Each structure stands twice: as structure tokens, then as C-alpha cells.
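**Q** Sequence first, predicted model second:
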Amino acid sequence: MGTQENIDLVRRGYDAFSSGDMTTLGPLFAKDAVWNTPGAGAVAGVSNGRDAILAMFGELFTRSHGTLTVSVTELMGADARVVALQHVHGERDGKVLDENQVNVFTVEDGVVREVQQFLPDSAADDAFWE
């Protein structure tokens, strides 16, 4: 797949995530995909495998009481990498998460193999999700 096809794949993933369509989202990840979230909190760390990634997404929705939204502001790519600039908003137990984040996707053979998430303040994110 080329750069534009990889960008389109990641965009489909964001659309599926935003609509809660895990049936569509799941197959976009390799079975052994890895998602890396910085920090030391409840949703931080490494999610190994498609099922663990989808479970982590479910945890985000549960912990945010369904308020989590992720809006892509820009997608760009080169070869097997797609960079997503995104805005995240969520509310939970009187706390608000409202920040810009960056995700770097590695796409190979038509599926996402790895994601590295970059947060502006991982300690603040940890505090939100605790």
C-alpha cells in the first residue's frame, strides 16, 4: 500500500473509533499490533495485540462515561508511517481532559502494526484516568 492508502486506513480507523464501531475498527489492526501510551496510570503502558487494544479503547469509553471524543486535525504520511494530530476531550468525575495529542501509526501489509502515542503531559493524563 502507498502513503495515501495508509492515510485512508488510519482515517477509517478514527471514523470507526468515533462512532464506537469496533467491528470495523478491529480488523484495521494486525492481530499482534502494539499500542504504546506514555505514563504510568490506569490506561498507560503497552497494549499487546488487537484484543488488548480494543479492550483499552473500551476502558477509555467506560472511564469517561462515554464523553471521550477524538477529533483528527491532520493526517500526514510517508511510506509506512502515518502521523495523526488529534484533539481529545473527555470528562470524568468532575475532571476534564482537553488537549492536543499526536499518534504515529506504523502500517504494513494493509493493517496497523504499531502506534506510539505522544501526550503533552502524561502525568496530567494519568490523573484524569485514575
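**A** Good, I have the coordinates.
**Q** Pull up the distance across stretch 99-119, start to finish.
**A** 8 Å (C-alpha to C-alpha, to the nearest Å).
**Q** which of the residues in the longest helix anywhere in the chain are buried?
**A** Criterion DSSP state H: the longest helix present in the chain is helix 3-19. Neighbour counts using 16 or more other C-beta atoms under 10 Å place 6-7, 9-10, 13-14, 16-17 of helix 3-19 among the buried residues. The C-beta positions use only the backbone N, C-alpha and C, and glycine is treated the same way.
**Q** What residues sit buried inside the next helix or strand along the chain from that helix?
**A** Using DSSP states H and E, the helix or strand that directly follows helix 3-19 along the chain is helix 22-25. The neighbour-count check on helix 22-25 (16+ other C-beta under 10 Å) flags Leu25 as buried.
**Q** Going along the chain from helix 22-25, find the next helix or strand for me.
**A** Next element after helix 22-25 (DSSP H and E): strand 29-37.
**Q** thinking again about what came up before, quick one: the longest helix of the chain to chain centroid distance?
**A** 11 Å (C-alpha atoms, centre = their mean, to the nearest Å).
**Q** what does that helix contact?
**A** Applying C-beta atoms under 8 Å, 6 or more residues apart in numbering, the contact partners of helix 3-19 are 1, 21-22, 24-25, 28, 57, 69-70, 72, 75-82, 84, 86, 105, 107, 110-112.
**Q** Mark which of these are buried, thanks.
**A** 25, 28, 57, 70, 72, 75, 77, 82, 84, 86, 105, 107, 111-112.
**Q** where along this structure do the helices fall?
**A** With DSSP H as the criterion, the chain has helices spanning 3-19, 22-25, 50-63, 122-129.
**Q** Just the angle for the longest one relative to strand 29-37, thanks.
**A** Compare the direction of helix 3-19 with that of strand 29-37 by axes from the mean of the first three to the mean of the last three C-alpha atoms, to 10 degrees and you get 70 degrees.
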